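K.L.:
build me a model:
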Amino acid sequence: TEENHQLRDYLIEILPTLSLDPETYLPYITGCLDTFQDDEEELDEIIGLLQASSESHSDDEEVWPKLKEDILKRHQECKDALKQLKKEKDEERREIEAMKKKEDMEEAHKEKERKRIAELEKAKKNEMDPSKKALIEQYAYDMSEVYDNDGKLKVVEQNNAGKGEGEATTNKAIAEKVNKERTEQMRGGQNTSSKKDERAKTKQAKLDKVQQKEDRRKKSVKGERKR
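P.N.:
Numbering: from 1, shown residues only. Below is the predicted model of the structure:
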């Protein structure tokens, strides 16, 4: 495994000093440590094999316990380092997952808020005065994305009222048009009312003249009878 392989540099350096070939004996040590739990019996057997194979230190009773101690110490250090690395990776993974979950929740909340606002706008439009609603629909416009020669985005508002495809307009122009139409309608109503009043006055003046003639005729008839 990876932690035992990290002992290679140490073993490759120390084994030749004991008159041992690393290529021959290193696999025995690393293979033992791959399955090492706390049972040192197999490792003791390998250390005994190394001692018996050494031409220079086979009778040295101090070097071999020290070699075993160094191997176990370095093996544990490697395991601890890998354990810490795994812990850090797990923490990083959990942080990424937590961040992603938070972003998903925020996006879901934003989407919910967009739907709520859209529903409110729809309800508000449905509750609008029919004449005002019709007026808005008549002069509604779409926003179309158009890019200039420099690749910059500019906005062209296209009228939906049948004024010609691609005809640009603005809210100000629409408001001026609506106000103009209202003014013309009011003037038209005033003109109609004025004409009716004039006709009524003319008719009443004619009736007054007829009544005055009739009164003068009656007075004339009474005067002749008295004579």
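K.L.:
got the buried residues for stretch 73-81?
P.N.:
R74, H75, C78, K79 (16 or more other Cβ atoms under 10 Å). Just so you know, the C-beta spots here come from the backbone N, C-alpha and C atoms, and that holds for glycine as well.
K.L.:
swap in stretch 18-35?
P.N.:
In stretch 18-35, the ones that count as buried by 16+ other Cβ under 10 Å are L18, L20, Y25, L26, Y28, I29, T30, C32, L33.
K.L.:
looking at those residues, which are in helices?
P.N.:
Y25, L26, Y28, I29, T30, C32, L33 (DSSP state H).
K.L.:
possible to save those residues as a markdown table with distance to E113 and pLDDT?
P.N.:
Listed next are these as a markdown table, based on distance: Cβ to Cβ, whole Å; pLDDT from 0 to 100:
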| residue | distance to E113 | pLDDT |
| --- | --- | --- |
| Y25 | 70 | 92 |
| L26 | 65 | 90 |
| Y28 | 67 | 89 |
| I29 | 64 | 89 |
| T30 | 60 | 85 |
| C32 | 63 | 85 |
| L33 | 59 | 83 |
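K.L.:
of the buried residues of stretch 18-35, which pair is most distant in space?
P.N.:
L18 and L33 (18.0 Å; Cβ to Cβ).
K.L.:
for the lengthiest helix in the chain, name the packing helices and strands.
P.N.:
Taking DSSP H as the criterion, the chain has its longest helix at helix 63-126. When contacts are defined as 3 or more Cβ pairs under 8 Å, 6 or more residues apart in numbering; DSSP states H and E, helix 63-126 packs onto helix 2-5, helix 8-14, helix 22-34, helix 41-53.
K.L.:
follow-up on the earlier one: and of the buried residues of stretch 73-81, the nearest to E45?
P.N.:
Nearest member of those to E45, counting by Cβ to Cβ, is H75, at 16.5 Å.
K.L.:
let me know whether that closest one touches L33 as I believe.
P.N.:
Yes. Counting by Cβ atoms under 8 Å, L33 is a contact partner of H75 at 5.4 Å.
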